[in-house]
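Colleague: No sequence on hand, only this structure:
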């Protein structure tokens, strides 16, 4: 199982570059990265077994760097992997006062 993410800034209408992302399981940090100029982390992790995981997006740092005032200093997405062979993509659609996420492909 591999894991990727993509952050889009809906308020500015562009990819969210430079967002710090952290992957955890059971309180242990498994990986850290920052989104590239296209707002992507192509492979945050590979070979993850089934279980519950947490991705934390440092949205406060991103908003400060882009001179925006945001309501959410971080966004935490908790999800369960049940199919170890499947690629999981967890995108984040972000604006200063709202966000959404889904299981992508």
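Modeller: Arrived safely. Since we're looking at a predicted model, the values are computed, not measured.

Colleague: Helices of the chain, residue ranges please.
Modeller: Ranges of helices in the chain, per DSSP state H, are 59-65.

Colleague: for it, which spans come out with low pLDDT?
Modeller: Residue ranges of the chain with pLDDT under 70: none are present.

Colleague: need the strands for it, in chain order.
Modeller: For the chain, strands defined by DSSP state E occupy the ranges 2-9, 14-15, 20-25, 28-34, 40-46, 51-57, 75-81, 88-95, 98-101.

Colleague: possible to save those strands as CSV with distance to residue 65 and mean neighbour count?
Modeller: Where you see a C-beta, it was placed from the backbone N, CA and C, and this is true even at glycine. Shown next, in CSV, are the strands of the chain (distance: least, CB to CB, whole Å; neighbours: other CB atoms under 10 Å):
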stretch, distance to residue 65, mean neighbour count
strand 2-9, 11, 21
strand 14-15, 13, 15
strand 20-25, 10, 18
strand 28-34, 11, 13
strand 40-46, 17, 17
strand 51-57, 13, 18
strand 75-81, 16, 14
strand 88-95, 13, 20
strand 98-101, 17, 14
